[in-house]
Structure formats: C-alpha cells, structure tokens
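> sequence and predicted structure below; questions after.
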Amino acid sequence: PQHAARAAMNSDVLILPRRIGGLTAQAVNENCAADPTEITFDQVKLIAGMWAVQNRVPMSLLEDSVINLADLIATECGYGFAQAVDNAGFNGDGGATVNYTTGVNVEILKPAHAGSVVQATGTTFPALTMEDFTTQMSLLPDYAMTGAAWYISPSGYGQSMAPLAIAAGGNTVGEIAGGPSRAQFLGFPVHMVNAMASGAGDHAGEVACLFGNFAQACTYGDRRAVTIKTSTERFIEYDQLLTVGTCRNAMVAHELGDADNPGSLIALQFGAGGG
C-alpha cells in the first residue's frame, strides 16, 4: 500500500479507466488536415476483499499485566494485517486464502508479461551479478524512470546488492563502517520487502527483486481502513475480552507490459537450476 497507487473505494467494486493508446502527431502539408486519432482505454477492476484478526484474552490477564496488553493487541493486529496484505500483494496465487489476489511476483512471471522479466544465471542471491541488475535496469521504459526504485528483501539486499556495491571500489572506511543513511543501489532507492524471496538457499525460478515505478504498475483500493472492535460480553462465561480487527481492500498489478514490451516494473528472475 505504501508504494502502489491508492484508490478510495466507495463500494465493493471499483472500475478504473486505463489508457492503452494515445493521440498521434503527424506530418502534414500546408492546407492539409491531419487524420483523426483517438485516445483509447480499457478497464482495471478492483474488488474489495475482507481481512480479519480475532483474539481472546482473559480479563484477569489484562488486570494483572505489567504492560498495556490492550495496546499490544492493537499493535499485533496491525502487524497481522501488514503481513497478510504484503504477502497477497506480492505472492498471492489468486485463491480464496488471499482474497483472490494475484500478486505482482506471480503475475509478472506469466508468459503474457515475458517482456518484463530478466533471467539471471544464478539461483542464489550471492550468485547475482552486477550485469544482472544493470540488464534489469536497462529494460525499464523512460516513462517509468521517474519514481523508480528497487524492491528486494533485506536478506537479498545484504547478500547481493550490498556486497556488489562494496566490491565496486571507491568506498572509504567510514562509508563502509557507517553504511548508507538510506539504502540505494545504482542511483535508485532500495525498498525492503519482507514478502520477497529471502534466505541463503536456492531460489530457482523465483523473483529475486523488482525494479521500476510501483505506483504505475499496481493499484491498491482502500474500501475500509483497519477497524478494531472489542467486546466483554461475547465470552462473558469465560471472563474473556474479544478483540476483532477487520479491513477491506483490493490489489491489482496491471501495468506489467506484454510478451514483447516491458511495463512499469521489471523482474529479475533466478535461474531455473538443475543444469
């Protein structure tokens, strides 16, 4: 949600127009008219799904706890929603458990978006090369360069981008010891995404990182922000406090290019492995 385009939804379904073709400038002679051209559109459809978190806590624990458990529960609800939404938005398989969301990492690897995928030779983060990343950068269209950034897991950044930047030379002892004030790579900001591929193992076939303009490529529809309700009566016989948190949203990745032309996000995919 932080980096996608945001759309307020006033119902459970929102239809957004998407430009797929524009006006064409033509060379004309004097006293001659240009041929008419048209702006063409199709549609992006957002369907809000509901996420919920439920928790039951003994009233005696709330009374006797040395910490404010009510605030802790509210914070944990927020963490739960953030993890679920990020996982669906990046890795959703389109099934019921992710509110029928197809994540950007899943959608971009479909043959219909092959023009937006760069194949790496390695299957682990340490095996990625500077050439892999520069090739990925080179595919991004000019219109998506403004606002472009890298999206990678903290583990992936630490195993690939950071060592490559240090090995490039020209770094002072102070720069290496202090680290960057804000993670950057090849002149663009790096956004850490825990839902992306992570760890030192083999990631054959997975998306290593994304590069591009996330707001152009993906839309997040907000039907209802996180709402938390409590009840001391629902489980009165157990002397328990019930906490229920809900939110409604929709996520669609829609500008990922086609089989021949790259879109607003470029994926670096680990090699298939297996020889």
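That came through, no problem. Numbering: from 1, shown residues only.
> so residue 89 makes contact with residue 220?
Yes. Counting by CB atoms under 8 Å, residue 89 touches residue 220, with 7.4 Å between them. C-beta: built from backbone N, CA, C; applies to glycine.
> more crowded one of the two?
Between residue 89 and residue 220, counted using other CB atoms under 10 Å, the more crowded position is residue 89 (25 against 21).
> quick one: that one and residue 232, what's the gap?
35 Å (CB to CB, to the nearest Å).
> quick one, what contacts the residue nearest to residue 183 when sequence neighbours are not counted?
With CB to CB, 6 or more residues apart in numbering as the criterion, residue 183 has its nearest non-adjacent residue at 3.9 Å, and that residue is residue 190. Counting by CB atoms under 8 Å, 6 or more residues apart in numbering, residue 190 makes contact with 149, 150, 152, 157, 161, 183, 184.
> cool, and residue 111?
residue 259.
> ok, now how distant is it from residue 42?
Taking CB to CB, one finds residue 111 at 20 Å from residue 42.
> same check on residue 104?
Counting by CB to CB, the gap from residue 104 to residue 42 is 19 Å.
> check what contacts stretch 39-49 and list those residues.
The contact list for stretch 39-49 (CB under 8 Å, 6+ apart) reads 7, 9, 12-23, 99-101, 219, 221, 223-224, 248-250, 252, 254.
> for stretch 121-135, same thing?
118, 120, 155-156, 159-161, 163-164, 168, 185-186, 200-204, 208, 211, 268, 270-273.
> in ChimeraX, how would I select just the buried ones from the residues you listed?
Listed next is the ChimeraX selection for buried residues among those, using 16 or more other CB atoms under 10 Å:
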select :118,120,155,156,159,160,161,164,185,186,203,208,211,268,270,271
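> filter the contacts of stretch 121-135 down to the ones in helices?
Taking DSSP state H, the ones among the contacts of stretch 121-135 that sit in helices are 155, 156, 163, 164.
> per-residue confidence for the last one?
This means residue 164. Residue-level confidence at residue 164 comes out at 91, pLDDT.
> so what's it closest to, chain neighbours aside?
residue 130 (5.4 Å).
> thinking again about what came up before, residue 104 and residue 42: which has the busier surroundings?
The neighbour count for residue 104 versus residue 42, taken as other CB under 10 Å, is higher for residue 104 (27 against 10).
> ok, and the closest non-adjacent residue to that one?
Excluding the flanking residues, the one nearest residue 104 by CB to CB, 6+ apart is residue 253, at 4.0 Å.
> show me the shaky parts of the stretch 1-150 of the chain.
66 (pLDDT under 70).
> re earlier: of the ones in helices among the contacts of stretch 121-135, just say which sits nearest to residue 262.
Residue 262 lies nearest to residue 156 out of those, by CB to CB, at 21.4 Å.
> for that closest one, give me its contacts.
125, 196, 197, 198, 208, 209 are the contacts of residue 156 under CB under 8 Å, 6+ apart.
> is it possible to get TSV of those residues that adds distance to residue 228?
Output for those, formatted as TSV (distance: CB to CB, whole Å):
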residue	distance to residue 228
125	38
196	28
197	32
198	29
208	36
209	34
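> just the buried ones from these?
125, 196, 197, 198, 208, 209.
> other SSEs contacting the lengthiest helix in the chain?
Counting by DSSP H, the longest helix found in the chain is helix 69-91. Counting contacts by 3 or more CB pairs under 8 Å, 6 or more residues apart in numbering; DSSP states H and E, helix 69-91 packs against strand 49-58, helix 59-64, helix 104-107, strand 218-231, strand 240-253.
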